[in-house]
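Student: coordinates only, no sequence provided:
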């Protein structure tokens, strides 16, 4: 049996981070979770960290404000996965990840780094509109730093998190499906890709010891989950046994609504715009410099979106 990597997960108490911790432990890795002093008296995060410890994870104390502590934390492991939550303020996530890149470079022992991406591939979003393109531009800055430092990497493009998109039938501002009505983005026929968050974590952990994914982008494209908004709605209608009242929002109407929102909301809506009006997740073929996760790891029985929607019944 191959020796498993020692994995440090940063942002382990977050939405995806807690799933990465679980997947790492389940796949037999010696799992370390960063405990930041800045957590203070956030009792929910403290209790979550303690629950990780009970499950076999090791807690490592380090701060992004203390370079030496980050270096020492990194030296204890083989793989670093960053799941620091994305926020729409340029000065936050990008700076934290650049500090982490500096620590990994100095430590010099890391055989794989997975930066905090897990969504749309930023390398394919050079034509994204403002202000949403800031998140893609920031991720490309981090990628350049990683590659300039010659740090071995894997970029994971997980496309749409099911909890954020499928739960609300792909409508911005909704995370629960209506039994009455739905607003379609345009004609609702642009294809997207939806992945259960637990599956995202399982696939990501699978990549860390795989030579096929070294210095590549791994796309999560479970075939049955390549669906349009209209098809997601139809899955829900079949489950509840009734048709929803449907209206449509044209591209221009969507842009007009977006312009009336605050900065952070505009950033988020830009992502919906490119996904559901332009089909940015499915309008390209995966090249030789990338891999597709469901083909690499057929042993993972991913969640199909009709099954995912059953939890809302």
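Tutor: Arrived safely, thanks for sending. Keep in mind it's a predicted model, so treat the numbers as computed, not measured.
Student: only C-alpha atoms from now on, for both contacts and neighbour counts.
Tutor: Noted.
Student: the helices in the stretch 101-250 of the chain, which residues?
Tutor: All helices of the stretch 101-250 of the chain, identified by DSSP state H, counting those that start in this stretch, fall at 133-148, 162-165, 197-207, 229-240.
Student: residue 303: which of the ones you listed is closest?
Tutor: Using C-alpha to C-alpha as the measure, helix 197-207 is the one of the helices of the stretch 101-250 of the chain that comes nearest residue 303, at 7.2 Å.
Student: which outside residues touch the closest one?
Tutor: Counting contacts by C-alpha atoms under 8 Å, 6 or more residues apart in numbering, the residues outside helix 197-207 that touch it are 16, 19-20, 23-24, 27, 118, 154, 156, 158, 161-163, 213, 220, 293, 297, 300, 302-303.
Student: tell me the buried residues within the residues you listed.
Tutor: The neighbour count (16 or more other C-alpha atoms under 10 Å) marks 16, 19-20, 23-24, 118, 154, 156, 158, 161-163, 213, 220, 293, 302-303 as buried among the contacts of helix 197-207.
Student: now, these that are in strands?
Tutor: Cross-referencing the buried ones among the contacts of helix 197-207 against strands under DSSP state E gives 154, 156, 161.
Student: now these in TSV, with distance to residue 259 and pLDDT?
Tutor: Converted to TSV, these look like this (distance: C-alpha to C-alpha, whole Å; pLDDT from 0 to 100):
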residue	distance to residue 259	pLDDT
154	35	98
156	31	98
161	25	97
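Student: so which of the residues you listed comes closest to residue 78?
Tutor: residue 154 (13.6 Å).
Student: bridged to the closest one, which residues?
Tutor: residue 216 (DSSP bridges).
Student: does it touch residue 116 like I think?
Tutor: No. Between residue 154 and residue 116 there is no contact, the gap being 10.6 Å when judged by C-alpha atoms under 8 Å.
Student: what's the local residue count around residue 253?
Tutor: The tally of other residues near residue 253 (other C-alpha atoms under 10 Å) stands at 12.
Student: no no, residue 301
Tutor: One way to gauge burial is a neighbour count; for residue 301, by other C-alpha under 10 Å, it gives 10.
Student: ok, now residue 30?
Tutor: 17.
Student: let's number from 32 now, not from 1
Tutor: In the new numbering, first residue 32, that becomes residue 61.
Student: how about it: what's its closest non-neighbour residue?
Tutor: Leaving aside its chain neighbours, residue 61 sits nearest to residue 37 (4.8 Å; criterion: C-alpha to C-alpha, 6 or more residues apart in numbering).
Student: relative to residue 329, how far out is residue 139?
Tutor: Using C-alpha to C-alpha, to the nearest Å, one obtains 33 Å as the distance from residue 139 to residue 329.
Student: okay, those two: which has more neighbours?
Tutor: When residue 139 and residue 329 are compared for neighbours, residue 139 comes out ahead with 14 against 9, by other C-alpha under 10 Å.
Student: contacting residues around that one?
Tutor: residue 106.
Student: do the same with residue 134
Tutor: Under the contact definition (C-alpha under 8 Å, 6+ apart), the residues listed for residue 134 are 98, 99, 101, 102, 105.
Student: pLDDT at it, what is it?
Tutor: Reading off the confidence values, residue 134 has pLDDT 98.
Student: cool, and residue 119?
Tutor: You'll see residue 119 listed with a pLDDT of 42.
Student: want to try TSV for the ones in strands among the buried ones among the contacts of helix 228-238, with distance to residue 203 as columns?
Tutor: TSV is the format used below for those (distance: C-alpha to C-alpha, whole Å):
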residue	distance to residue 203
185	30
187	24
192	13
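Student: quick one: contacts of the helix or strand containing residue 302?
Tutor: Assignment of secondary structure by DSSP states H and E places residue 302 within helix 294-309. With contacts defined as C-alpha under 8 Å, 6+ apart, helix 294-309 is touched by 119-120, 159-165, 203, 216-217, 219, 221-223, 260, 282, 285, 289-290, 311-312.
Student: any idea how far residue 171 is from the spatially closest residue to residue 243 that is not a sequence neighbour?
Tutor: Using C-alpha to C-alpha, 6+ apart and skipping residues adjacent in sequence, the residue nearest residue 243 is residue 322, 7.9 Å away. Separation of residue 322 from residue 171 (C-alpha to C-alpha): 19 Å.
Student: same question, residue 197
Tutor: If you go by C-alpha to C-alpha, the gap between residue 197 and residue 171 works out to 27 Å.
Student: neighbour count for those two, which is higher?
Tutor: Taking residue 197 and residue 171 together and counting by other C-alpha under 10 Å, residue 197 has the greater number of neighbours (26 against 18).
Student: ok so, going back, to residue 112, which of the helices of the stretch 132-281 of the chain lies closest?
Tutor: Ranking those by distance to residue 112, with C-alpha to C-alpha as the measure, places helix 228-238 first at 9.0 Å.
Student: ok, and for the strand or helix carrying residue 76, which residues are buried?
Tutor: Applying DSSP H and E as the criterion places residue 76 in helix 74-85. Judged by neighbour count using 16+ other C-alpha under 10 Å, the buried positions of helix 74-85 are 76, 80, 83.
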